[in-house]
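**Student:** Got a predicted structure plus its sequence, pasted below:
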Amino acid sequence: MLQKTFRRIGAACDLFDTQSPACARLFVGKNQQSLQRVLHLLGKHEATVTAKSGGCNVERESRDCFGPAPTLAKYGTCLYRRRVGPVAQGIERPPPKRQVTGSNPVGVATLPSQPKGNVEMLDQGLRAVPQPQSGGRIIALDIARTVALVGMAIFHFGFDLESFGYLQPGRMVTGFWYYFPRGVASSFLFMVGLSLWLAHGRGIRWRPFLKRLAQICAGALVVTIGTYFAFGSSFVFFGILHTIALSSVIGLAFLRLPPLLTLVAALGAYLAPQYLATGQFDSIWLVWSGLTTFRVYSVDFIPTFPWLSPVLAGIAMSKLMDDAGTWQRFRSRGPVEKLMRLMALPGQHSLLVYLIHQPVLIALVWASTLVLRP
């Protein structure tokens, strides 16, 4: 099926340019499922969305792309891409000039030729510009998650030392150690917002989203059950994973909003407990909101307000970074060094690391206690 799709594209595909050599349009078959598979192989996921956001009018451009042969337009869709895309039928044209003829009033796209070593040959001579060797992941974001995980492990290790009597009671909740875990939690939630927009900002992919949401909810349930047996009434009923799950759902409503409006909402979420915690939400069923006035006893309590704020701020920042081309520059970097890949590995599996790190730390402290104390 895929080979037939490539042959169909190889026979019907051509590139045209109406604005600049960097603005190319690709004519492909009407079969949407095959189109998605081809775009995935060519690394052209963005083409389907930039067709709208980039200013390509599908009905008009499909006529413009094929000039006096409008019958071809009904067999496909004209897609828009900002940067140089694949060259159809193995034809590479130098960029200097654009030919305009009577039979093709919009002219032929002029694309810079690629060195043979950097061009991947596909079926029927269809060629694509190679993608970064990092597989599309943003290595800097994975490393940032790893740094946040290290900070989380440092705090939890101190908490375990205090629990086993190696530190004075209350040491990990006063002074610097009062603010340190809040900074770590804020960084996690901020990166949740960054990642949410990167994954779904151009259209919600429901299946991956629901799969990830189910994993986070399952992890949150494991934490709740585990801490119930470990800490009794102080168990974690709404911790960081619970907040990530709920904030991810709420964040979907802000993906298409202007960044400035999302930042205003982030500020409102941060200030909500100061102005809305007046007693009207004092119910055991609304404790998760953070708008109650009574004291909550839990070893880890991260309510929706104000902790929704860094998630919304992350969504807005991710959108601004994409508009500025920052994410694209991160993606287009060359091969990643082995050390950086190792540093990014924990961040690529942050949920698993979060779930297992505390039992491992407790086991280490407990084993050390058996050895060091008579």
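**Tutor:** In hand now; what should we look at?

**Student:** what about the strands in this structure?
**Tutor:** 15-16, 24-28, 77-81, 120-121, 127-128 (DSSP state E).

**Student:** Quick one: mean pLDDT for the last one?
**Tutor:** Right, the one you point to is strand 127-128. Mean per-residue pLDDT for strand 127-128: 39.

**Student:** and what of the second one?
**Tutor:** For strand 24-28, mean pLDDT rounds to 38.

**Student:** cool, and the first one?
**Tutor:** Rounded to a whole number, the mean pLDDT of strand 15-16 is 34.

**Student:** now stretch 321-335
**Tutor:** For stretch 321-335, the per-residue pLDDT averages 87.

**Student:** Dump that stretch to PDB, keeping only the CA atoms.
**Tutor:** In PDB, the C-alpha atoms belonging to stretch 321-335 read as follows (Å, rounded to 0.1, in the frame of the first residue of the first chain):
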ATOM      1  CA  MET A 321       8.800  30.100  21.500                       C
ATOM      2  CA  ASP A 322       7.300  28.400  18.500                       C
ATOM      3  CA  ASP A 323       6.300  31.700  16.900                       C
ATOM      4  CA  ALA A 324       9.900  32.800  17.300                       C
ATOM      5  CA  GLY A 325      11.200  29.600  15.800                       C
ATOM      6  CA  THR A 326      13.000  28.500  19.000                       C
ATOM      7  CA  TRP A 327      11.600  25.000  19.000                       C
ATOM      8  CA  GLN A 328      12.500  24.500  15.300                       C
ATOM      9  CA  ARG A 329      16.100  25.600  16.100                       C
ATOM     10  CA  PHE A 330      16.200  23.000  18.900                       C
ATOM     11  CA  ARG A 331      14.900  20.300  16.600                       C
ATOM     12  CA  SER A 332      17.300  21.100  13.800                       C
ATOM     13  CA  ARG A 333      20.400  20.600  15.700                       C
ATOM     14  CA  GLY A 334      22.900  18.000  14.600                       C
ATOM     15  CA  PRO A 335      23.700  14.600  16.100                       C
END
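
**Student:** oh, and call the first residue 353 from now on, that's how I've got it
**Tutor:** Sure, I'll start counting at 353 from here, so that last one is stretch 673-687.

**Student:** buried stuff in that stretch?
**Tutor:** Using 16 or more other Cβ atoms under 10 Å as the test for burial, stretch 673-687 gives 673, 674, 679, 682. Every residue, glycine included, has its C-beta placed from N, CA and C.

**Student:** Then stretch 583-597?
**Tutor:** Those would be 587, 588, 589, 590, 591, 592, 593, 594, 595, 596, 597, for stretch 583-597 by 16+ other Cβ under 10 Å.

**Student:** What does the first one show for phi and psi?
**Tutor:** To tie it back to what came earlier, the one meant is residue 587. Dihedral pair for residue 587: phi -60, psi 160, per degrees, to the nearest 10.

**Student:** Would you check that it makes contact with residue 573?
**Tutor:** No: between residue 587 and residue 573 there is no contact under Cβ atoms under 8 Å: 11.9 Å.

**Student:** that older thread, hmm, which two among the buried residues of stretch 673-687 are most spread apart?
**Tutor:** Spanning the widest gap among the buried residues of stretch 673-687 are 674 and 682, at 10.5 Å by Cβ to Cβ.

**Student:** give the contact list for the residue nearest to residue 718 when sequence neighbours are not counted.
**Tutor:** Of all residues not flanking residue 718 in the chain, residue 516 sits nearest, at 7.3 Å (Cβ to Cβ, 6 or more residues apart in numbering). Counting by Cβ atoms under 8 Å, 6 or more residues apart in numbering, residue 516 makes contact with 717, 718, 721.

**Student:** Would you mind measuring from residue 516 to residue 613?
**Tutor:** From residue 516 across to residue 613, the span is 48 Å (Cβ to Cβ, to the nearest Å).

**Student:** One more: residue 582?
**Tutor:** 42 Å.

**Student:** Ok, residue 600 next?
**Tutor:** Residue 600 is 19 Å from residue 613, by Cβ to Cβ.

**Student:** More neighbours: which of those two?
**Tutor:** Counted by other Cβ atoms under 10 Å, residue 600 and residue 613 do not tie: residue 600 has more neighbours, with 20 against 12.

**Student:** That one contacts residue 568, doesn't it?
**Tutor:** Yes: counting by Cβ under 8 Å, residue 600 touches residue 568, with 7.3 Å between them.

**Student:** For residue 706, list the residues it contacts.
**Tutor:** Residue 706 sits next to 501, 504, 571, 592, 593 when contact means Cβ under 8 Å, 6+ apart.

**Student:** Let me see the confidence value for it.
**Tutor:** 96.

**Student:** Wait, residue 513 touches residue 519, no?
**Tutor:** Yes: between residue 513 and residue 519 there is a contact at 5.0 Å, judged by Cβ under 8 Å.

**Student:** Present the buried residues of stretch 673-687 as CSV; the columns should include distance to residue 695.
**Tutor:** Listed next are those as CSV, based on distance: Cβ to Cβ, whole Å:
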residue, distance to residue 695
673, 21
674, 24
679, 19
682, 15
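
**Student:** Quick check: chain neighbours aside, which residue is closest to residue 622?
**Tutor:** residue 661 (4.0 Å).

**Student:** on that earlier part again, which among the buried residues of stretch 583-597 gets closest to residue 655?
**Tutor:** residue 590 (6.3 Å).

**Student:** Quick one, grab the pLDDT at the closest one.
**Tutor:** Value for residue 590, per-residue pLDDT: 97.

**Student:** pLDDT below threshold where in the chain?
**Tutor:** When residues are selected by pLDDT under 70, those of the chain lie in 353-488, 726.

**Student:** 80 instead?
**Tutor:** 353-488, 684-688, 725-726 (pLDDT under 80).

**Student:** Which stretches in it count as helices?
**Tutor:** Along the chain, the segments classed as helices by DSSP state H run 354-364, 384-393, 399-405, 410-418, 491-515, 528-552, 558-583, 592-603, 611-628, 656-675, 678-683, 690-700, 702-724.
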